[in-house]
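Engineer: give me coordinates for this.
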Amino acid sequence: MLRGDRLGTLAELRDFLAEYHERDPADWALTEFQHGEDHGLVGAVQAFWLARPGVGINVLIDPERFTTETLGAITKGIAGAE
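Structural biologist: Here you go, the predicted structure:
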């Protein structure tokens with residue numbers, strides 16, 4: 001779970017994570033997904049969404065040990081993160 005004033009929108013969360021993980025946002029292949037009532041973004045090894053303004057959830061897996069299906073299952077199992 002991430003908290004901060006910089007995390008007011010999903011786009012701001014994406015920008016923060018791109019900077020933190022040193023990714024080029026233009027080359028970061030992400031797809032929108034729904035986590036309950038929250039909108040999120042998911043890639044091959046990472047999923048994240050905004051639980052509420054200022055609170056972001058980030059799930060990152062080791063692609064050598066886990067599949068994208070596992071990432072989806074972990075993401076679906078996270079509830080009530082506030």
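Engineer: how far away is G40 from A79?
Structural biologist: 14 Å (Cβ to Cβ, to the nearest Å). Every C-beta, even on glycine, is put in place using the N, C-alpha and C of the backbone.
Engineer: and if you look at T67?
Structural biologist: For T67, the distance to A79 - Cβ to Cβ - is 22 Å.
Engineer: just for the chain, where's the confidence low?
Structural biologist: 80-82 (pLDDT under 70).
Engineer: quick check: closest non-adjacent residue to the residue nearest the centre of it.
Structural biologist: In the chain, the centroid-proximal residue (Cα atoms, centre = their mean) is F48; its distance is 1.1 Å. In space, and not counting its chain neighbours, F48 is closest to N58: 4.4 Å by Cβ to Cβ, 6 or more residues apart in numbering.
Engineer: need the longest helix for this protein.
Structural biologist: As assigned by DSSP state H, the longest helix anywhere in the chain is helix 10-20.
Engineer: can I get that helix in PDB? Just the C-alpha atoms.
Structural biologist: Extracted C-alpha coordinates of helix 10-20, given in PDB (Å, rounded to 0.1, in the frame of the first residue of the first chain):
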ATOM      1  CA  LEU A  10      -4.800   6.700 -11.200                       C
ATOM      2  CA  ALA A  11      -2.600   8.700 -13.700                       C
ATOM      3  CA  GLU A  12      -0.700  10.200 -10.800                       C
ATOM      4  CA  LEU A  13      -0.200   6.700  -9.300                       C
ATOM      5  CA  ARG A  14       1.100   5.400 -12.600                       C
ATOM      6  CA  ASP A  15       3.500   8.400 -13.000                       C
ATOM      7  CA  PHE A  16       4.800   7.800  -9.500                       C
ATOM      8  CA  LEU A  17       5.400   4.100 -10.100                       C
ATOM      9  CA  ALA A  18       7.000   4.800 -13.400                       C
ATOM     10  CA  GLU A  19       9.400   7.100 -11.800                       C
ATOM     11  CA  TYR A  20      10.000   4.800  -8.800                       C
END
